[in-house]
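Colleague: model the following, please.
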Amino acid sequence: MAINRILQAFLVLLVCSCTIENQNELAEEWRGNLQLNDSINLPVDFGIHFSELDSILTLKNGKEDLSYRIERSNDEGFQVRLEPYNSELYFKVDGDKLTGEWRYLVKGPEYIIGFEAIPVKDSQVEFRSEKTEKYQVQFGEGKNAYPAILLMQQDKNQLRGTFKTETGDYRFLAGEQNNETISLSCFDGAHAFVFTATIKGDSLINGVFYSGNHYSDSWTAFANDSFELTDPTKLTKVVADSTFRFSLKSADGRWINEKNYDLNNRVTCIQIMGTWCPNCKDETEFLKQVRRKYPKDKVQVFAAAFEYEKDTLKAFNRIKKYSESMEMNYPIYYGGGTSKNRVTDVFPDLDKVISYPTLIILDKNGKPQLVHTGFNGPATDEYQHFEEDTYSLIDSLILN
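Modeller: Sure, this is the predicted structure:
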């Protein structure tokens with residue numbers, strides 16, 4: 001079979017580093033599944049391209065393509081580090097398919113989900129839709145319930161969309177409608193989400209949200225073009241009218257705070273984030289644009305990372321890898337563990353923090369002018385407005 005010849009050539013390439021005369025033969029499209037439980041699989045479309053210099057796996061997550069290097073593991077298998085997140089995809093060649101697992105190292109070495117894939121001629125069909133349906137959503141019940149908005153497009157039986165919540169969006173989702181049932185999913189190296197529901201008139205009922213193999217929740221939705229979430233600038237308040245206080249640690253052991261960090265005569269953007277957080281990654285891409293747009297004597301940016309790693313040296317190592325992978329142009333300091341109480345210890349002028357990320361913008365006197373909770377990014381209808389509003393605020397603060 002052609003696929004066996006391709007995989008054999010790949011094995012020889014990695015072991016012997018021999019020259020491949022026709023690298024185009026090595027490009028293949030694949031359809032895989034992460035086995036979340038006995039009845040729910042998360043579809044994963046990806047391409048693999050083998051070459052003498054770099055072998056690349058490209059995840060096709062809804063509207064985005066995410067490329068990673070394929071490396072040889074110690075047991076004749078292959079692993080793909082899904083940076084900037086601390087996770088990896090491992091697989092072996094098993095006849096005409098791939099079998100392996102996704103390892104989400106953020107949650108510990110035991111967090112493993114089975115994976116398999118088969119070659120396909122074309123894993124994605126061109127998606128065309130100009131109409132977006134908007135649904136008011138409730139996840140969960142009782143005191144654990146929280147609101148959201150579903151934005152969904154449809155082309156024949158194919159679906160695209162995302163959920164917006166008050167702490168961030170669920171990024172690029174893709175799926176399909178099968179009779180009266182819909183499914184949407186996402187796999188980007190950190191999110192492993194599946195959403196299912198039944199269509200009933202203009203409502204979606206009996207919804208179930210699966211996150212990896214550890215969590216599930218109910219959800220319902222109904223069409224509502226006028227529904228809006230709480231303004232993200234109203235969710236967290238500043239409790240002191242003075243220079244904004246903080247206490248962070250640098251990789252070289254120095255303590256960084258409002259007394260030794262120059263906050264005068266420059267607008268300052270502070271990002272509360274974690275290297276494990278997909279919405280933080282989207283906000284990081286935006287803040288990299290901010291750093292490029294403005295001179296350093298006008299605007300400065302820095303991040304405070306709150307990490308799952310309990311060991312400080314391991315946390316700094318994780319932060320360093322994230323910064324390198326993201327090609328960051330602003331510094332990241334260490335805040336501590338991921339507890340929201342820890343965040344308010346580090347930033348005592350905030351009444352609470354309910355989301356990673358949270359963005360704080362200070363004026364040229366070091367006083368807060370904006371606290372923005374969560375991040376609804378490029379997968380949503382909100383991102384462009386956020387971008388425009390943030391640039392407008394920074395411009396006004398530079399002039400004042």
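Colleague: ranges for the helices of the stretch 1-150 of the chain?
Modeller: Counting by DSSP state H, counting those that start in this stretch, the stretch 1-150 of the chain has helices at residues 2-16.
Colleague: and the helices in the stretch 201-350 of the chain?
Modeller: Using DSSP H, counting those that start in this stretch, helices in the stretch 201-350 of the chain cover 278-293, 312-326, 340-346.
Colleague: now the element after the shortest one, going C-ward?
Modeller: On the C-terminal side of helix 340-346, the closest following helix or strand by DSSP states H and E is strand 358-362.
Colleague: mean neighbour count, the helices of the stretch 201-350 of the chain: which tops it?
Modeller: Burial among those, expressed as mean neighbours by mean count of other C-beta atoms under 10 Å, is greatest for helix 278-293, which shows a mean of 20. C-beta coordinates here come from the backbone N, C-alpha and C atoms, glycine included.
Colleague: ok, back up a step: out of the helices of the stretch 201-350 of the chain, flag the one nearest residue 245.
Modeller: Closest approach to residue 245 among those (C-beta to C-beta): helix 340-346, 9.1 Å.
Colleague: circling back to that earlier point, quick one: closest of the helices of the stretch 201-350 of the chain to residue 144.
Modeller: helix 340-346 (16.2 Å).
Colleague: which elements pack onto that closest one?
Modeller: strand 299-306, strand 332-336 (3 or more C-beta pairs under 8 Å, 6 or more residues apart in numbering; DSSP states H and E).
Colleague: only alpha carbons, please: show it as PDB.
Modeller: Extracted as PDB, the C-alpha positions of helix 340-346 are listed here (Å, rounded to 0.1, in the frame of the first residue of the first chain):
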ATOM      1  CA  LYS A 340      -7.300  33.300  42.300                       C
ATOM      2  CA  ASN A 341      -6.500  34.300  46.000                       C
ATOM      3  CA  ARG A 342      -2.800  34.200  45.100                       C
ATOM      4  CA  VAL A 343      -3.400  36.700  42.300                       C
ATOM      5  CA  THR A 344      -5.000  39.200  44.700                       C
ATOM      6  CA  ASP A 345      -2.100  38.700  47.100                       C
ATOM      7  CA  VAL A 346       0.200  39.700  44.300                       C
END
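Colleague: quick one: average pLDDT of that helix?
Modeller: Per-region confidence: helix 340-346 scores 94 on mean pLDDT.
Colleague: what are the contacting residues of it?
Modeller: 246-248, 272, 304, 306, 335-336, 350-354, 358 (C-beta atoms under 8 Å, 6 or more residues apart in numbering).
Colleague: dump the helices of the stretch 201-350 of the chain to CSV, plus distance to residue 174.
Modeller: Shown next, in CSV, are those (distance: least, C-beta to C-beta, whole Å):
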stretch, distance to residue 174
helix 278-293, 16
helix 312-326, 24
helix 340-346, 32
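Colleague: before we move on, back to that, quick one, which of the helices and strands packed on helix 340-346 is nearest to residue 289?
Modeller: Using C-beta to C-beta, the nearest of these to residue 289 is strand 299-306, at 10.2 Å.
Colleague: now tell me what touches stretch 131-151 from outside.
Modeller: 152-154, 161-166, 204, 209, 217-225, 227-229, 380-381.
Colleague: show me the residues you listed that map onto strands.
Modeller: In strands, judged by DSSP state E, the following of the contacts of stretch 131-151 are found: 152-154, 161-165, 204, 209, 217-223.
Colleague: what is the burial count for the closest residue to residue 349 other than its chain neighbours?
Modeller: Among residues not flanking residue 349 along the chain, residue 240 sits closest, at 4.5 Å (C-beta to C-beta, 6 or more residues apart in numbering). Using other C-beta atoms under 10 Å, residue 240 has 13 other residues around it.
Colleague: quick revisit: go through the helices of the stretch 201-350 of the chain and name the closest to residue 114.
Modeller: helix 278-293 (22.1 Å).
Colleague: what is that closest one packed up against?
Modeller: strand 267-273, strand 299-306, helix 312-326, helix 383-399.
Colleague: export those to JSON lines and tack on distance to residue 131?
Modeller: Shown next, in JSON lines, are these (distance: least, C-beta to C-beta, whole Å):
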{"stretch": "strand 267-273", "distance to residue 131": "34"}
{"stretch": "strand 299-306", "distance to residue 131": "37"}
{"stretch": "helix 312-326", "distance to residue 131": "34"}
{"stretch": "helix 383-399", "distance to residue 131": "18"}
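Colleague: surely residue 338 touches residue 309?
Modeller: No - using C-beta atoms under 8 Å, residue 338 is not in contact with residue 309, being 9.6 Å away.
Colleague: neighbour count: those two, which is higher?
Modeller: Set residue 338 next to residue 309 and count neighbours by other C-beta under 10 Å: residue 309 wins out with 21 against 17.
Colleague: once you drop chain neighbours, what's closest to that one?
Modeller: Closest residue in space to residue 309, ignoring its immediate chain neighbours: residue 315 at 4.1 Å, by C-beta to C-beta, 6+ apart.
Colleague: the one you found reaches residue 322, doesn't it?
Modeller: No - between residue 315 and residue 322 there is no contact under C-beta under 8 Å: 10.6 Å.
Colleague: show me whatever sits in contact with both of the two.
Modeller: Common neighbours of residue 315 and residue 322 (C-beta under 8 Å, 6+ apart) are residue 305.
Colleague: per-residue confidence at residue 14?
Modeller: At residue 14, the model reports a pLDDT of 40.
Colleague: surely the residue nearest to residue 349 touches residue 351?
Modeller: No - look at residue 240 against residue 351 with C-beta under 8 Å: they stay out of range, at 10.0 Å.
Colleague: from residue 263, how far off is residue 332?
Modeller: 18 Å (C-beta to C-beta, to the nearest Å).
Colleague: which one's more surrounded, those two?
Modeller: With neighbours defined as other C-beta under 10 Å, residue 332 and residue 263 compare such that residue 332 has more, 23 against 19.
Colleague: having no further points to raise, I will conclude here.
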